[in-house]
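[1] My questions are about this predicted structure, shown below with the sequence.
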Amino acid sequence: MTKEEKVNYWIEVAEKDWRVMEHLFEKGDYPYALFFGHLTIEKLLKKIKEIKGWLLKQLQL
């Protein structure tokens with residue numbers, strides 16, 4: 001799996017988690033909505049960090 005495929009996979013998973021969070025929030029299940037929101041943000045931040053590290057390597061900074 002290439003770096004781009006990994007990033008795309010985790011973005012797709014994060015989007016699914018976000019949809020679950022929205023559904024839980026609409027149903028008033030706030031603790032679990034918060035949990036899924038946290039998962040989404042964590043996954044996206046990890047991918048941003050990974051992409052940043054890859055870019056720095058490519059630019060040799």
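    Everything's here; your move. It should be emphasised that the depicted structure is a prediction, and the values quoted were computed from it without experimental measurement. Residues are numbered from 1 along each chain as shown.
[2] buried set for the helix or strand in which Glu4 is found?
    Taking DSSP states H and E as the criterion, Glu4 maps to helix 3-26. Counting neighbours by 16 or more other C-beta atoms under 10 Å, one finds that the buried residues in helix 3-26 are 14, 17-18, 20-21, 24. Just so you know, the C-beta spots here come from the backbone N, C-alpha and C atoms, and that holds for glycine as well.
[3] go on, stretch 40-60?
    40, 43-44, 47.
[4] Can you give the contact residues for that stretch?
    If you take C-beta atoms under 8 Å, 6 or more residues apart in numbering as the criterion, stretch 40-60 is touched by 3, 6-7, 10-11, 13-14, 17-18, 21.
[5] quick one: which two of the buried residues of helix 3-26 are the most distant?
    Ala14 and Leu24 (15.4 Å; C-beta to C-beta).
[6] on that earlier part again, mind putting the contacts of stretch 40-60 into CSV with distance to Gln58 and pLDDT?
    Formatted as CSV, those follow (distance: C-beta to C-beta, whole Å; pLDDT from 0 to 100):
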residue, distance to Gln58, pLDDT
Lys3, 10, 74
Lys6, 16, 80
Val7, 14, 79
Trp10, 20, 83
Ile11, 20, 85
Val13, 25, 91
Ala14, 24, 89
Asp17, 29, 94
Trp18, 29, 94
Met21, 33, 96
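[7] Contacts only, for Ile11.
    44, 47.
[8] Can you give me the distance of it to Glu22?
    17 Å (C-beta to C-beta, to the nearest Å).
[9] And Lys3, by the same measure?
    For Lys3, the distance to Glu22 - C-beta to C-beta - is 29 Å.
[10] Leu39 touches Lys16, doesn't it?
    No: applying C-beta atoms under 8 Å, one finds Leu39 not in contact with Lys16, separated by 10.1 Å.
[11] Show me the common contact partners of the two, please.
    Applying C-beta under 8 Å, 6+ apart, one finds that no residue jointly contacts Leu39 and Lys16.
[12] dump the residue contacts of the spatially closest residue to Phe25 that is not a sequence neighbour.
    Once flanking residues are discounted, Phe25 sits nearest to Ala33: 4.0 Å by C-beta to C-beta, 6 or more residues apart in numbering. With contacts defined as C-beta under 8 Å, 6+ apart, Ala33 is in contact with 21-22, 24-25.
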